[in-house]
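Colleague: output the structure for:
(one chain, ligands or ions: 1)
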Amino acid sequence: MGRAGTPVGNGDQRRQPLDGRELGTVAHVAIGELLAAGVHRPTAEEIMKLVGRHRLLQTVTMYRQAAKQKLVGAVAVYFRFFALDEEWRFVGAEVPVRGSRFDLVFEGTDDRVLVDELKTGRIQTVEERSAAEEQLRRHVAAGAAEYCRCFAGVRQLWLGAPTRSVWAKPDGSSETLTWPEGW
Ligand SMILES: [Mn+2]
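Modeller: Here you go, the predicted model:
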């Protein structure tokens, strides 16, 4: 049953594009699936296959191509720029913790725990910027509470604008990641 005034779709077919949150979820799950399978350098074909068969993408009728393109880009950017090396073991995607949910969690060989917060959207307003900063502070606090002294911080990774990405550490400091000159 739809709400009053809400058109009830036929089956699962929707005519709206995926919203930002849905796109983000597909990106987390797709990246998590590759990591769980031990893939650290996915080929273009692996990324496209994985994104193409995601349930949410099957249900959108229009805009499917645009959603696919955005997702393939996001997944490719993650692995191209941000993939961790072998000393970080993938723990899980969309990991619930008290007061937060972490997009990706990794455990280092030295027992440190690192959280990746993936951002598939972009910042357009002052409100969006402060919401992103506030979310990052909440994640750092939640990570510190959950993993105590093992917590290595949160990487907030902007897949649509990679150079904005930061690594926020448990002591409250943060670092931008390094990029070649000219960016
Ligand atoms: Mn996210």
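Colleague: please make it C-alpha for all contacts and neighbour counts, starting now.
Modeller: Fine.
Colleague: how close does I123 get to P170?
Modeller: For I123, the distance to P170 equals 24 Å [Cα to Cα, to the nearest Å].
Colleague: more neighbours: which of the two?
Modeller: Comparing I123 with P170 by other Cα atoms under 10 Å, the one with more neighbours is P170, at 22 against 15.
Colleague: tell me who's in contact with the more buried one.
Modeller: Going by Cα atoms under 8 Å, 6 or more residues apart in numbering, P170 touches 140-141, 144, 151-153.
Colleague: where are the low-confidence patches of the chain?
Modeller: 1-16, 60-62, 183 (pLDDT under 70).
Colleague: the residue of it found nearest the ion: which element?
Modeller: Distance from the ion to each residue of the chain (Cα to the ion) is smallest for L118, at 4.1 Å. Element membership for L118, per DSSP states H and E: strand 113-119.
Colleague: to the chain's geometric centre, what's the distance from the following helix or strand past that strand?
Modeller: Using DSSP H and E, the next helix or strand after strand 113-119 towards the C-terminus is helix 126-147. Distance of helix 126-147 from its chain centroid, counting by Cα atoms, centre = their mean, to the nearest Å, is 14 Å.
Colleague: and this protein, which of its residues are near the ion?
Modeller: 117-119 (Cα under 5 Å from the ion).
Colleague: quick one: contacts for the spatially closest residue to G20 that is not a sequence neighbour?
Modeller: Sequence neighbours aside, G121 is the residue nearest to G20 in space, at 6.5 Å (criterion: Cα to Cα, 6 or more residues apart in numbering). By Cα under 8 Å, 6+ apart, the contact set of G121 is 20, 24, 158-160.
Colleague: change it to 10 Å
Modeller: 19-21, 23-24, 70, 74, 158-161 (Cα atoms under 10 Å, 6 or more residues apart in numbering).
Colleague: so which of the residues you listed are in helices?
Modeller: Among those, DSSP state H puts 20-21, 23-24, 70, 74 in helices.
Colleague: among these, which one has the most neighbours?
Modeller: Among the ones in helices among the contacts of G121, the one with the most neighbours (other Cα under 10 Å) is A74, at 27 neighbours.
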